[in-house]
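> got a sequence here, can you model it:
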Amino acid sequence: MSSTRMVNGVLGIPLTTPTATAVFAILTVIGLIVLLLRRYRVWFAHGVPLAVTAALGSTVVAALLIEKVWKPFPDRLPWAVYGWAATALLAVSLLIGRWFVRRRDRARPLVATALVVSAVLVVISAAGRIDAVYDAYPTVRTVLGISDYRTVPFDDPSLRASQTVPVEDWSASDDLPATGAVTSVTIPGTVSGFRAREARVYLPPAYFSDPRPELPVLVLLAGQPGSPEDWLVGGHLPSTMDAYAAQHHGLAPVVVLADGTGGQFDNPLCADSHLGNVATYLAVDVPAWVRDDLQVDDDPRARAVGGLSYGGTCALQLATTRPDVYPTFLDMSGQAEPTIGDRASTIRDVFGGDAEAFARNNPADLLARNRYPDSAGAFVVGLDDSEYRAGVEQLASLARSAGMDVHLTELPGTHSFALWSAGLEKELPWLAQRLRLGN
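Prediction:
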């Protein structure tokens, strides 16, 4: 085996499969046994209880700060996250205890090395189990931030303006690239003033042809916490789009991974408020940039917005507040309503106590008040997603009653990237047809 194949093999090791999570669990048990194992009465009478107390106490304090004070997430973190975090802290506490209670342990190189390695293995394994909850980093490659998709700079000669033709008049040439490519761009908040992070844009193989077909556009949003890159890593976007393009002569939607929050832990609720004019940014600035800087089909009927979790909520908000801009949407595991934890806090802290302002940004209220005969959308949720499934089902029913052409897809899984990447793949044929890309 060549060194390149060996490196690729290591980088491709899966981290979130049942086998991987079982290995992490085994390594955790072994590591904790090594850290605990010592025939020393004081250690078990005092050292271990202190380590357990420190780990549990730190976890409880962190949970209270996160859930009650800081509140960076719209929903409570799963108990599994706190459980594995406590396990990692226990390993660190046991290592510190062994290091200072038993000086002979750190004076013996083999013992000292075994203790440090064991603690590191437990911490890494706990992180792996937390990662498996969301399936955010599916391989070693993604953890290290090494991309496995083609990238091009936005000023690359292959992206220069060329002639365009309607999709139905275009045919693939022999020199069409086998895959699409991802580029990085800054989409300014010209009208909104919103300070967005750098966006990513997936361009399918057909975009690199001359003449260039007038392709539809999907604006795709990440969750919260999150960033535009999440769809490239945990969401497997490039491989999903490339696979679709390979079966359709290089044709696929252009995908704009826009920033819908402004920061990893920011939660502006996809509205215009003191937290940032996100709604105007996504409904005015982003479409304007697409029109001016990309050669695509600018008809709103060839434009869609979608997202996961917070991004799904945001997609439905835009579809109900600006159906003229986004008549097509994809809501994957979105919330029942925009929230920073509960309705009272949301109205008070985001909308200045104005309940009507909240209602003007809440899809459930808008769907009950208005009709949307020209809109269509897809709802996707996990069968095992006990926290979001009921809300998604209710919104799908409200959307249908409001005249939208919608369907609900329920897939095996929970609130994770495994579900969202599968959901995008599942809905892509419908989305392409809806956006007039053809069969």
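> in the protein, which helix or strand is least confident?
Within the chain, confidence by mean pLDDT, DSSP states H and E is lowest for helix 103-107 among all helices and strands, at a mean of 72.
> counting contacts, what elements does that one pack onto?
Packing partners of helix 103-107 (3 or more Cβ pairs under 8 Å, 6 or more residues apart in numbering; DSSP states H and E): helix 79-101, helix 109-134. For the C-beta atoms, the positions are set from N, CA and C on the backbone; glycine is no exception.
> next, the buried residues of it.
Neighbour-count burial for helix 103-107 flags residue 105 (criterion: 16 or more other Cβ atoms under 10 Å).
> over to stretch 292-304?
Neighbour counts over stretch 292-304 (16+ other Cβ under 10 Å) mark 294-297, 300, 302-304 as buried.
> so for stretch 158-174, mean pLDDT?
Taken as a whole, stretch 158-174 has a mean pLDDT of 93.
> start at 858, not 1
Sure thing, new numbering starts at 858, so read that last one as stretch 1015-1031.
> for the stretch 958-1107 of the chain, which spans come out with low pLDDT?
958-960 (pLDDT under 70).
> returning to that earlier point: most widely separated two among the buried residues of stretch 1149-1161?
Based on Cβ to Cβ, the longest span within the buried residues of stretch 1149-1161 runs between 1152 and 1161 and measures 18.0 Å.
> looking at the helices and strands packed on helix 960-964, which is closest to residue 863?
helix 966-991 (21.2 Å).
> can you tell me what sits against the next helix or strand after the closest one?
Next along the chain after helix 966-991, taking DSSP states H and E as the criterion, comes helix 997-1000. With contact meaning Cβ atoms under 8 Å, 6 or more residues apart in numbering, helix 997-1000 is reached by 867-870, 872, 994, 1005, 1090-1091.
> now helix 997-1000: buried residues?
998-1000.
> any idea how far residue 1224 is from residue 1237?
Noted for residue 1224: a distance of 18 Å to residue 1237, by Cβ to Cβ, to the nearest Å.
> for the buried residues of stretch 1149-1161, give me a markdown table that also has secondary structure and pLDDT.
Formatted as a markdown table, those follow (DSSP: H, G, I helix; E, B strand; the rest coil; pLDDT from 0 to 100):
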| residue | secondary structure | pLDDT |
| --- | --- | --- |
| 1151 | coil | 97 |
| 1152 | coil | 97 |
| 1153 | strand | 97 |
| 1154 | coil | 97 |
| 1157 | helix | 97 |
| 1159 | helix | 97 |
| 1160 | strand | 98 |
| 1161 | strand | 98 |
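> got those residues as TSV, with distance to residue 1115 columns?
As requested, the buried residues of stretch 1149-1161 are exported to TSV (distance: Cβ to Cβ, whole Å):
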residue	distance to residue 1115
1151	13
1152	18
1153	14
1154	18
1157	16
1159	17
1160	12
1161	13
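> quick one on the thing from earlier: mind exporting the least confident helix or strand of the chain as PDB, just the C-alpha atoms?
The C-alpha coordinates for helix 960-964 follow below in PDB (Å, rounded to 0.1, in the frame of the first residue of the first chain):
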ATOM      1  CA  ARG A 960       4.400  11.200  43.800                       C
ATOM      2  CA  ARG A 961       5.900   7.800  42.900                       C
ATOM      3  CA  ASP A 962       3.400   7.500  40.000                       C
ATOM      4  CA  ARG A 963       4.800  10.500  38.200                       C
ATOM      5  CA  ALA A 964       8.400   9.500  39.200                       C
END
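> what comes into contact with it?
The contact list for helix 960-964 (Cβ under 8 Å, 6+ apart) reads 895, 955-956, 968-969, 972.
> sorry, back to before: dump the helices and strands packed on helix 960-964 into JSON lines; add distance to residue 1054 and mean neighbour count as well.
Below are the helices and strands packed on helix 960-964 laid out as JSON lines (distance: least, Cβ to Cβ, whole Å; neighbours: other Cβ atoms under 10 Å):
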{"stretch": "helix 936-958", "distance to residue 1054": "24", "mean neighbour count": "20"}
{"stretch": "helix 966-991", "distance to residue 1054": "20", "mean neighbour count": "19"}
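> from the contacts of helix 997-1000, which is closest to residue 1114?
Each of these was scored against residue 1114 by Cβ to Cβ, and residue 1090 proved nearest at 11.1 Å.
> after whatever helix or strand residue 1174 lives in, next one along is what?
Secondary structure assigned from DSSP H and E places residue 1174 in helix 1167-1178. Proceeding N to C from helix 1167-1178, the next assigned helix or strand is strand 1185-1189, under DSSP H and E.
> dump the buried residues of helix 997-1000 to CSV, plus distance to residue 948.
Shown next, in CSV, are those (distance: Cβ to Cβ, whole Å):
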residue, distance to residue 948
998, 26
999, 24
1000, 19
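> name the nearest of those residues relative to residue 944.
Nearest to residue 944 among the buried residues of helix 997-1000, with distances taken as Cβ to Cβ, is residue 1000, at 19.0 Å.
> state the distance from that closest one to residue 861.
20 Å.
> which among the contacts of helix 997-1000 count as buried?
Buried, going by 16+ other Cβ under 10 Å: 872, 994, 1090-1091, out of the contacts of helix 997-1000.
> which ones among these lie within helices?
In this view, the buried ones among the contacts of helix 997-1000 that belong to helices under DSSP state H are residue 1090.
> coming back round to it: comparing residue 1224 and residue 1237, which residue is more hemmed in?
Per other Cβ atoms under 10 Å, whichever of residue 1224 and residue 1237 has more neighbours is residue 1237, with 26 against 23.
> neighbouring contacts of stretch 928-937?
920, 923-924, 986-987, 990, 1081-1082, 1122, 1124, 1167, 1192, 1196-1198, 1244.
> can I get the buried ones among the contacts of helix 997-1000 in CSV with distance to residue 1072?
Formatted as CSV, the buried ones among the contacts of helix 997-1000 follow (distance: Cβ to Cβ, whole Å):
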residue, distance to residue 1072
872, 34
994, 30
1090, 24
1091, 25
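> nearest to residue 1064 among the buried ones among the contacts of helix 997-1000?
Closest to residue 1064, out of all of the buried ones among the contacts of helix 997-1000 and judged by Cβ to Cβ, is residue 1090, at 22.1 Å.
> any idea how far the nearest residue to the closest one once chain neighbours are set aside lies from residue 993?
Sequence neighbours aside, residue 999 is the residue nearest to residue 1090 in space, at 4.8 Å (criterion: Cβ to Cβ, 6 or more residues apart in numbering). Distance from residue 999 to residue 993, counting by Cβ to Cβ: 8 Å.
> centre of the chain to stretch 981-999, how far?
From the chain centre to the centre of stretch 981-999 is a distance of 14 Å (Cα atoms, centre = their mean, to the nearest Å).
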